[in-house]
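Chemist: Okay, here's the prediction I keep looking at, along with the sequence it came from:
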Amino acid sequence: MIATTLATIGQGIHDYVVMVYPIIILFAGLTAQQRGLFFATLLTLLAFTWLILGEANGWFTLQKTLAADWTDLLVTGILIVTMAWAVYILVSNAQYGLAQTWRELAEQKRIEQALRESEARFRFLFDQSHDAVFLLNLNGRYIMTNQRAADMLGYTVEELAKLSVNDISAEIEKSDHVTKRLLAGEHIPLYERLFRKKDGQIIYVEVNVELVRDKNGNLMHIQSVARNITERKQSEEALNKSEEMYRLLAENISDVIWILDINENRFRYVSPSVERLRGYTVEEVLAQDMSAVFTPDSLQTVQQTMLSSVQSYKDGYRGFYVNEVEQPCKDGSTVWTETTTSFHMNENTGHLEVYGVSRDITERKRLQNELHNYVKEIELLQVELRDQAIRDPLTGLYNRRYMQDVFKREFSRAERENDSVSVIMLDMDGLKIFNDTYGHSIGDRAIKTLATQIQNMIRNEDFCCRYGGDEFIVVLTKANIKDAVKRVEQWRKSLNNHPLEVDGDKKIQVKFTAGVAIFPAHGTSMEEVLNYADVALYRAKTQGRNCTVVFE
């Protein structure tokens, strides 16, 4: 176009149309963009044809006139303005076109980058998936597999690429059936299959399979994701066997196995042996609450145990508890059971549960009660025998044998604490007369009366025993001579106020004679003090009886 314009000017051509056509060509190219190239080329060819024909036929020979010069100037001015405007349009459209081109290039690069990133993510997920991923064509041959699939089956990725789904399936008919259903448009839920590894080992797999289509809905390939569940299946089989054995034991042993939901206060499971134990069916027990399962006393014990056990469980203790409880039976009787329990959290419900085993111990409990009663009787007999060994059968006072132990203990204490001990020896007056006149029974009553009055008036820390016949020994701790004499006179006064009734309305007075000796004033040993008290008693008897004499 530029070459044509220069050639025209060089030839001195002044035809206005010839001068205008390059501008038209330029404007067409700028405004129509890609289509302008076509129009500009077409107009250029027409211009060249016009120039050749005009030159050959003399169409461009002009007659110079003044009017023509002014006209040329006017047209030239218009052309200059038009060219300036065209240049402005050229620059603006060039900038727009350039910017548009850069935007198109940037968008294309962004799409390409996104595609590469998407492919990279797909490849990463494909290779790093924890599950085996298989891409198969519609004939069931592998197009692509990840490393996890190769590891699971014992092949390399390259070896798997040469195989089909039937080459690794241990259930070919089932695999073909799944493929037919899938191609028929049926949705296949998650299912389990048996695969054969390269070494021949059979493994359980969990498979998710689906068809992959392009954006137009056309079938592309089959995508299969498989997970090795052999360990899980083996665990399930072991669990099923364990549950079967447990059910067999639970249904045939005499012990009752149960699970109690603490939140709902009801049993979640009870073994059938409960009917043999309590007479209730499993359904009846499951409908009962705790108040119907235990007697009131046992229910209180169980509730207290549960409160402390739940707290122990929260503190981390996971041991066992053993309790003996009494449970009502359907026939109105009760049965004693030994219950071993432990606490567990139910992960499905979030409730704390008690796992327990109850064993019938009614017979053992009966034998224990009998043994307990026997032991109690023996203990009572032992106490009775001990009392018989250390107490006087007539008066109930301690006897002379036990007095020796008391003397040793009390004198050791007094010596250690530098304290005094008073020993009083009593002899009842007129026992022979009572026996001869009223009989030995009255004599025994007189002895008991004297013993009772003394025993009632001594302190807890004092000691009184029947020394023999009608003689008594009284030990007063922390008592001096003055205190001892005063106490003896109080006993004498009490006896005077309690005469013994005989033969109806007849009353006789019980009297006694006493001798007193003091530790350590009169002796430094038990034997000395006791002997001096006896000497004092003898002196009192020689003075006429019914009196008290202190050893000097």
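Modeler: Great, that's in hand. None of these values were measured; they are calculated from a predicted model. Residues are numbered from 1 along each chain as shown.
Chemist: Roughly how far does the residue nearest the centre of the chain sit from Val310?
Modeler: The centre of the chain sits closest to Met345, judged by C-alpha atoms, centre = their mean, with a distance of 5.1 Å. Note on Met345: its distance to Val310, by C-beta to C-beta, to the nearest Å, is 11 Å. All C-beta atoms are positioned from the backbone trio N, CA, C, and that covers glycine.
Chemist: Can you pull the residues that touch both of the two?
Modeler: Common contacts of Met345 and Val310 (C-beta atoms under 8 Å, 6 or more residues apart in numbering): Leu352.
Chemist: which regions of the stretch 251-400 of the chain lie under the pLDDT threshold?
Modeler: Applying pLDDT under 70 to the stretch 251-400 of the chain picks out residues 251-252.
Chemist: cool, the chain as well?
Modeler: For the chain, applying pLDDT under 70 flags the ranges 1-45, 47-48, 50-52, 54-56, 58-77, 79-102, 114-129, 243, 245-252.
Chemist: And this protein, what are its domain boundaries?
Modeler: For the chain, automatic domain parsing gives the domain ranges 2-102, 129-234, 253-366, 391-550.
Chemist: Which stretch among those domains is buried most, on average?
Modeler: Mean neighbours per residue, mean count of other C-beta atoms under 10 Å, is largest over these for domain 391-550, with a mean of 17.
Chemist: Next, format the domains of the chain as JSON lines and append distance to Lys241.
Modeler: Listed next are these as JSON lines, based on distance: least, C-beta to C-beta, whole Å:
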{"stretch": "domain 2-102", "distance to Lys241": "72"}
{"stretch": "domain 129-234", "distance to Lys241": "11"}
{"stretch": "domain 253-366", "distance to Lys241": "18"}
{"stretch": "domain 391-550", "distance to Lys241": "72"}
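Chemist: of the ones you listed, which approaches Tyr374 most closely?
Modeler: domain 253-366 (12.7 Å; C-beta to C-beta).
Chemist: What is the end-to-end distance of the closest one?
Modeler: Taking C-alpha to C-alpha, to the nearest Å, domain 253-366 runs 22 Å from one end to the other.
Chemist: Identify the residues contacting the residue nearest to the centre of the chain.
Modeler: By C-beta under 8 Å, 6+ apart, the residues touching Met345 are 351-353.
Chemist: rerun that using 10 Å as the cut-off
Modeler: Residues in contact with Met345 (C-beta atoms under 10 Å, 6 or more residues apart in numbering) are 313, 351-353.
Chemist: what do you get for Tyr321?
Modeler: Counted by C-beta under 10 Å, 6+ apart, Tyr321 has contacts 305-306, 308-309, 312, 339-343, 354, 356.
Chemist: Sketch out the helices for the stretch 201-350 of the chain, chain order is fine.
Modeler: For the stretch 201-350 of the chain, helices defined by DSSP state H, counting those that start in this stretch occupy the ranges 230-252, 274-278, 282-286, 296-314.
Chemist: Off-centre distance for stretch 454-464?
Modeler: Relative to the centre of its chain, stretch 454-464 is centred 64 Å away, using C-alpha atoms, centre = their mean, to the nearest Å.
Chemist: Could you do stretch 264-272 as well?
Modeler: That offset, for stretch 264-272, works out to 20 Å (C-alpha atoms, centre = their mean).
Chemist: what's the answer for stretch 137-157, then?
Modeler: Its chain's C-alpha centre lies 44 Å from the corresponding centre of stretch 137-157 when counted by C-alpha atoms, centre = their mean.
Chemist: Same question for stretch 418-431.
Modeler: Offset of stretch 418-431 from its chain centre (C-alpha atoms, centre = their mean): 74 Å.
Chemist: Grab the CA positions of that stretch and hand them over as PDB.
Modeler: Extracted C-alpha coordinates of stretch 418-431, given in PDB (Å, rounded to 0.1, in the frame of the first residue of the first chain):
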ATOM      1  CA  ASN A 418       5.700 -43.500 142.500                       C
ATOM      2  CA  ASP A 419       2.100 -43.800 143.600                       C
ATOM      3  CA  SER A 420       0.300 -45.600 146.400                       C
ATOM      4  CA  VAL A 421      -2.000 -48.700 146.400                       C
ATOM      5  CA  SER A 422      -4.300 -49.700 149.200                       C
ATOM      6  CA  VAL A 423      -5.000 -53.400 149.800                       C
ATOM      7  CA  ILE A 424      -8.100 -54.300 151.900                       C
ATOM      8  CA  MET A 425      -8.800 -57.800 153.100                       C
ATOM      9  CA  LEU A 426     -12.400 -58.400 154.200                       C
ATOM     10  CA  ASP A 427     -14.000 -61.200 156.200                       C
ATOM     11  CA  MET A 428     -17.800 -61.500 156.500                       C
ATOM     12  CA  ASP A 429     -18.900 -61.900 160.100                       C
ATOM     13  CA  GLY A 430     -21.200 -64.800 161.200                       C
ATOM     14  CA  LEU A 431     -21.200 -66.900 158.100                       C
END
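Chemist: and Tyr269, how far is that from Thr339?
Modeler: For Tyr269, the distance to Thr339 equals 15 Å [C-beta to C-beta].
Chemist: ignore the last one, Arg103
Modeler: Per C-beta to C-beta, Arg103 is found 82 Å from Thr339.
Chemist: swap in Tyr402?
Modeler: For Tyr402, the distance to Thr339 - C-beta to C-beta - is 49 Å.
Chemist: Done for today, thanks.
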